[in-house]
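> Test case, fold it:
(one chain, ligands or ions: 2)
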Amino acid sequence: MTELPLTLSPEIAAARAEGAPIVALESTIITHGMPWPQNVETARRVEGDVRAAGAVPATIAVLNGTLHIGLTDPQLDTLARAKGVAKLSRADLAICLARGGTGATTVAATMIAARAAGIAVFATGGIGGVHRGAERSFDISADLQELAQTPVTVVAAGAKAILDLNKTLEVLETLGVPVIAFGQDALPAFWSRDSGLAAPLRLDTPAQIAAAHRMRAALGLPGGQLVANPIPEADEIPAKTLAPLIETAIEEADAQGIAAKQVTPFLLQRLFQLTEGWSLTANIALVRNNARLAAAIACELGKP
Ligand code: PSU
Ligand code: MN
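Ligands and ions are numbered 1, 2, ... in the order given. Purely as a prediction, here's the structure:
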């Protein structure tokens with residue numbers, strides 16, 4: 001049988017040997033979600049936030065045919081500067097590894113890798129979901145299916161506001177994925193705290209989220225949970241400010257025929273320009289906030 005080419009960084013190998021809490025971090029946000037040099041600066045800060053909260057960060061990527069759990073600083077820097085890196089989702093991961101390729105992992109692929117490495121908690125910015133106009137384009141992120149089948153607790157600031165959040169919630173409900181707002185009733189909308197939609201579930205402490213994670217395992221349920229953590233108040237962009245800019249960006253994407261994997265990176269990049277950088281500042285703040293919560297959950301899961 002083919003063995004999975006998986007490498008733990010020295011820090012993650014030590015953490016695993018000690019049974020220390022670990023938080024998985026994705027790499028598509030670095031290569032496709034943020035421009036250089038803010039991408040690598042953010043990746044380093046997020047790792048620092050996880051450490052400060054008492055857990056060990058494991059940034060995940062495929063480098064030359066090996067699935068890396070935890071990147072060294074030079075590896076992180078190289079990935080962040082590289083152009084044209086592949087964006088790997090569930091469909092792409094095995095082929096990239098088999099070919100000896102290099103690629104960044106999305107939420108779906110990072111969940112697969114985290115599970116393979118025995119990591120239960122993962123922090124990102126926002127998951128992919130059902131795009132607006134999906135009734136025509138059929139564009140629904142593989143992240144949703146992954147949440148239904150891979151037992152990892154994913155901390156995100158909700159789904160990105162560029163999506164159809166109502167349809168995203170409906171699909172998650174159909175797939176049996178718990179969508180848990182942290183500390184509030186409303187579903188957060190990535191750059192804004194309130195999407196105007198109620199979240200299906202609410203929990204108020206990391207300990208409760210860890211207990212729910214354990215209980216799903218006790219039930220033998222295959223999937224994970226989505227924790228929707230609102231962006232800190234001081235950093236949020238009011239939904240009203242963003243709404244017309246999101247419309248503009250989506251119209252441009254349609255007019256230019258942007259499709260498939262390019263849609264999300266295109267929209268994030270256009271919003272960065274249309275908000276004159278504000279969307280990126282907010283994105284950085286929300287990822288760091290998610291990293292802190294994920295670390296607290298991982299610490300709770302580590303308790304006997
Ligand atoms: N969170 C961010 N920025 C990002 C992403 C998440 O703050 O760029 C990435 C994740 O890797 C997620 C992907 O899986 O966006 C969604 O892509 P798609 O819509 O093509 O599934
Ligand atoms: Mn898509």
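> And Phe122, which helix or strand is it part of?
Here Phe122, judged by DSSP states H and E, is contained in strand 121-123.
> That strand - what's its average pLDDT?
When pLDDT is averaged along strand 121-123, the result is 98.
> Outside of it itself, list whatever touches it.
21-26, 46, 50, 107, 110-111, 114, 152-156, 213, 287, 290-291, 293-295, 297-298, 301 (Cβ atoms under 8 Å, 6 or more residues apart in numbering). The C-beta positions use only the backbone N, C-alpha and C, and glycine is treated the same way.
> Would you check which of those are in contact with ligand 1?
Among these, the residues lying close to ligand 1 (Cβ under 6 Å from any ligand atom) are 26, 107, 287.
> How about the contacts made by Thr124?
In this structure, Thr124 makes contact with 25-26, 29, 107, 110, 154-156, 287, 290, judged by Cβ under 8 Å, 6+ apart.
> Tell me the one of those residues nearest Leu4?
Taking Cβ to Cβ as the measure, Thr110 is the one of those closest to Leu4, at 15.0 Å.
> still on that earlier bit, buried stuff in the strand holding Phe122?
Across strand 121-123, burial judged by 16 or more other Cβ atoms under 10 Å covers 121-123.
> what pLDDT, on average, does the longest helix seen in the chain get?
If you go by DSSP state H, the chain has its longest helix at helix 278-302. In this model, helix 278-302 carries a mean pLDDT of 98.
> Which neighbouring elements make contact with that helix?
If you count contacts as 3 or more Cβ pairs under 8 Å, 6 or more residues apart in numbering; DSSP states H and E, helix 278-302 packs onto strand 22-25, helix 38-52, strand 121-123, strand 153-156, helix 206-219, helix 263-274.
> residues near the residue nearest to Ala61 when sequence neighbours are not counted, how many?
Leaving out its chain neighbours, the residue that sits closest to Ala61 by Cβ to Cβ, 6 or more residues apart in numbering is Ser27, at 4.0 Å. If you count neighbours by other Cβ atoms under 10 Å, Ser27 ends up with 30.
> Check Leu219 too.
Leu219, neighbours per other Cβ under 10 Å, totals 8.
> Could you pull up the residues touching it?
Leu219 neighbours (Cβ under 8 Å, 6+ apart): none.
> Can you tell me the number of residues neighbouring the one residue in the chain that gets nearest to ligand 1?
Nearest to ligand 1 in the chain, going by Cβ to the nearest ligand atom, is Gly125, at a distance of 1.9 Å. Neighbourhood size, Gly125 [other Cβ under 10 Å]: 29.
> so it sits right up against Asn290, yeah?
Yes: look at Gly125 against Asn290 with Cβ atoms under 8 Å: they come within range, at 7.0 Å.
> quick one: common contacting residues for these two?
Residues touching both Gly125 and Asn290 by Cβ under 8 Å, 6+ apart: 156-157.
> Tally up the residues packed near Ala259, please.
For Ala259, the neighbour count with other Cβ under 10 Å is 12.
> likewise the one 5 residues further on?
With neighbours defined by other Cβ under 10 Å, the count for Thr264 comes to 25.
> Wait, it touches Ile162, no?
Yes: under the criterion of Cβ under 8 Å, Thr264 makes contact with Ile162 at 7.3 Å.
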